[in-house]
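Student: With the input below, show me the fold.
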Amino acid sequence: MLERLFRLRENKTTVRTEVVAGLTTFMTMAYILAVNPFFLSCAGMPKGGVLVATALAAFVGTMLMAAFANYPFVLAAGMGLNAYFAFTVCGDMGYSWPFALLAVFVEGLVFLALSVTPVREAIFNAIPLSLKKAVAAGIGLFITLIALKSAGILIPDQATYIKLVPFRSVPFHTAGIVAILALVGIVVTTVLHALRLKAAILLGILATWFLGVVAELVGLYVPDPAASFFSTIPHFERGYWHALGSTFHEFGQTFGAVFEPSAWTHTAKDGAVTAGWNLALSLNFFVVMFAFFFVDLFDTLGTLIGVSLKGGFLDKQGRLPRISGALYADSVATAVGAVFGTSTTTTFVESSAGVAAGGKTGLTAATAAVMFVLSIFLAPIFLAIPGFATTPALVVVGFLMMGSIMGIDFNDVGEGLPSFLCIVAMPFFYSISDGIMFGVISYTFVNLCTGRAKRISPVMYVLTALFIAKYALM
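Tutor: Coordinates of the predicted model:
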């Protein structure tokens, strides 16, 4: 049955390879089950409800990806979008979280409408192949930066913005040992990959986690939750069933809250409160919705480009077959996720970890989707996987994705310079979408001003105008 559903032999893969790839992807993005509840709880949402909503939205979206596109792409609540939800929409702008969920829900419906038209596919196909390769390389740098920062190997610095952690100046039993374990894990994962083990990335995660557990047991690592250094050993506080029941009770508070007009509120700086349908029909609602829409669109396209290029899924023209199914899954997951009670659900760049582990079909995605459902019932175990244990995996994946830079002709300024700007903008601006926008704008202007206008498609002109307008209105 699996052969018939996912065409494994046609894609030159096996059930074992796909399952390992799915587990690998899940392990590299399981952190979202801890991070997303934290972010959205800052907007007043219950953590347990958000965890269940995040897992269920990931399951629905990823299963749709497997069914309609047969790609190893996994979806979950998008990083960046959840921060915008909590700190900008619900924080600075003063909207309630059910109202923010409404904006996410409508955005998903708009995406769905565009997914049944050629618009989103036309945008994907209009981006030149050199920029698509640049997107893959830029994402490689981006996720490497995220990984090194999450493990504390890179830290903020006033003079140089970021720098290598000064090991002798930080608490050894927390920040120091965590950075050391992550660096050891990078070496271990690199060696496993060099030995051409297909499960190298997953084994690297497990090995680094195991080292963390040993370090905690012997006293080298001392958890300090107040400083965000948590135990690597799973704990069931107040009993397993009590914790599970509390989690589902909180899910009842988030599920369907998007459809409660009385909960749609806005609190102005002067304390005035607006609520209900008048708020939903206001211009401000469309501003919030469009912001979600815009960032989601280009983060999704950027991720699809980068992961597809790494997996060899693009055709000779740089197009992604069955992209409509992938975009359909993404848009439905966003709308469904809002109903469950989570911020925008999108295709995750960590899908590249599963692709690097050999994943080629929807069976990889389906495996990860099942793990998200199981994670609801085994949350204390899955949430015990520390961030530093996933750092080696993301660094190695970043290295693999950088390989696409070899396909860019840097001797051709019209192709090379926009690609360079696209690559460096992603880590420097901490945004996949900004990298794409810089690449598109520079590609259009450089080629237009050097007499290479034939390279530029009509869609690229439209995108350039929209991106310039977006920055002008920021």
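Student: From the structure, what's the count of residues near V287?
Tutor: Neighbourhood size, V287 [other Cβ atoms under 10 Å]: 12. C-beta: built from backbone N, CA, C; applies to glycine.
Student: Kindly apply the preceding question to L283 instead.
Tutor: When counting by other Cβ under 10 Å, one arrives at 7 neighbours for L283.
Student: same deal with the one 10 residues further on?
Tutor: Counted with other Cβ under 10 Å, the burial measure for F293 works out to 21 neighbours.
Student: Just give the closest residue to it, not the sequence neighbours.
Tutor: The shortest distance from F293 to any non-neighbouring residue, by Cβ to Cβ, 6 or more residues apart in numbering, is to E107 (4.6 Å).
Student: Just to check, the one you found is in contact with F294?
Tutor: No. In this structure, E107 is not within contact of F294 by Cβ atoms under 8 Å, at 9.3 Å.
Student: the more surrounded of these two?
Tutor: Legend: neighbour count by other Cβ under 10 Å for E107 and F294, higher for E107 (26 against 16).
Student: Quick check: which element contains the more buried one?
Tutor: Assigned by DSSP states H and E, E107 belongs to helix 97-115.
Student: and that helix, C-alpha only, in PDB?
Tutor: Provided in PDB are the C-alpha atoms of helix 97-115 (Å, rounded to 0.1, in the frame of the first residue of the first chain):
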ATOM      1  CA  TRP A  97      -5.500  36.900  20.500                       C
ATOM      2  CA  PRO A  98      -8.800  35.600  19.100                       C
ATOM      3  CA  PHE A  99      -8.800  38.600  16.800                       C
ATOM      4  CA  ALA A 100      -5.200  37.800  15.700                       C
ATOM      5  CA  LEU A 101      -6.400  34.200  15.100                       C
ATOM      6  CA  LEU A 102      -9.200  35.700  12.900                       C
ATOM      7  CA  ALA A 103      -6.600  37.500  10.800                       C
ATOM      8  CA  VAL A 104      -4.600  34.300  10.400                       C
ATOM      9  CA  PHE A 105      -7.800  32.400   9.500                       C
ATOM     10  CA  VAL A 106      -8.700  34.900   6.800                       C
ATOM     11  CA  GLU A 107      -5.100  34.900   5.500                       C
ATOM     12  CA  GLY A 108      -5.300  31.100   5.100                       C
ATOM     13  CA  LEU A 109      -8.600  31.400   3.100                       C
ATOM     14  CA  VAL A 110      -7.000  34.100   0.800                       C
ATOM     15  CA  PHE A 111      -4.000  31.700   0.300                       C
ATOM     16  CA  LEU A 112      -6.400  28.900  -0.500                       C
ATOM     17  CA  ALA A 113      -8.200  31.000  -3.100                       C
ATOM     18  CA  LEU A 114      -4.800  31.900  -4.700                       C
ATOM     19  CA  SER A 115      -3.700  28.200  -4.600                       C
END
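Student: So which elements touch the one helix or strand M460 maps to?
Tutor: For M460, the host element (DSSP H and E) is helix 458-472. Judged by 3 or more Cβ pairs under 8 Å, 6 or more residues apart in numbering; DSSP states H and E, the packing partners of helix 458-472 are helix 119-126, helix 432-449.
Student: between the ones you listed, which one is nearest to H235?
Tutor: Taking Cβ to Cβ, helix 432-449 is the member of the helices and strands packed on helix 458-472 nearest to H235, at 35.2 Å.
Student: Please save the CA atoms from that closest one in PDB.
Tutor: Output of helix 432-449 as PDB, limited to C-alpha atoms (Å, rounded to 0.1, in the frame of the first residue of the first chain):
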ATOM      1  CA  ILE A 432      14.000  34.600   4.500                       C
ATOM      2  CA  SER A 433      11.400  36.900   2.900                       C
ATOM      3  CA  ASP A 434      13.700  39.900   3.100                       C
ATOM      4  CA  GLY A 435      16.400  37.900   1.300                       C
ATOM      5  CA  ILE A 436      14.000  37.000  -1.500                       C
ATOM      6  CA  MET A 437      12.900  40.600  -1.800                       C
ATOM      7  CA  PHE A 438      16.400  42.000  -2.000                       C
ATOM      8  CA  GLY A 439      17.300  39.400  -4.600                       C
ATOM      9  CA  VAL A 440      14.200  40.100  -6.800                       C
ATOM     10  CA  ILE A 441      14.600  43.900  -6.600                       C
ATOM     11  CA  SER A 442      18.300  43.900  -7.400                       C
ATOM     12  CA  TYR A 443      17.900  41.300 -10.200                       C
ATOM     13  CA  THR A 444      15.300  43.500 -11.900                       C
ATOM     14  CA  PHE A 445      17.300  46.700 -11.600                       C
ATOM     15  CA  VAL A 446      20.800  45.300 -12.400                       C
ATOM     16  CA  ASN A 447      19.600  43.500 -15.500                       C
ATOM     17  CA  LEU A 448      17.300  46.400 -16.600                       C
ATOM     18  CA  CYS A 449      20.100  48.900 -16.300                       C
END
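Student: what does it rub up against?
Tutor: The list of residues contacting helix 432-449 from outside it, by Cβ atoms under 8 Å, 6 or more residues apart in numbering, reads 127-128, 131, 134-135, 138-139, 142, 294-295, 297-299, 301-303, 349, 413-414, 417-419, 421-423, 425-426, 429, 453, 455-456, 460-461, 463-464, 467-468, 470-471.
Student: if you set the cut-off to 6 Å instead, what comes out?
Tutor: With contacts defined as Cβ atoms under 6 Å, 6 or more residues apart in numbering, helix 432-449 is touched by 131, 134, 138, 295, 298-299, 302, 414, 417-418, 421-422, 425-426, 455-456, 460, 463-464, 467.
Student: for stretch 271-287, same thing?
Tutor: With Cβ under 6 Å, 6+ apart as the test, stretch 271-287 has contacts from 261, 264-267.
Student: go on, stretch 354-373?
Tutor: Outside stretch 354-373, the residues that reach it (Cβ under 6 Å, 6+ apart) are 6, 11, 13, 17-22, 24-26, 55, 58-59, 62-63, 65-66, 70, 72, 74, 198, 201, 307, 310-311, 397, 400.
Student: Of the residues you listed, which belong to strands?
Tutor: Using DSSP state E, no member of these falls in strands.
Student: Before we move on, what's the pLDDT of the residue nearest to F293?
Tutor: With respect to pLDDT, E107 scores 91.
Student: residues contacting it?
Tutor: Residues near E107 by Cβ under 6 Å, 6+ apart: 289, 292-293.
Student: State the distance from it to G398.
Tutor: Distance from E107 to G398, counting by Cβ to Cβ, to the nearest Å: 29 Å.
Student: try D299
Tutor: With Cβ to Cβ as the criterion, D299 and G398 are 17 Å apart.
Student: likewise K12?
Tutor: Noted for K12: a distance of 25 Å to G398, by Cβ to Cβ.
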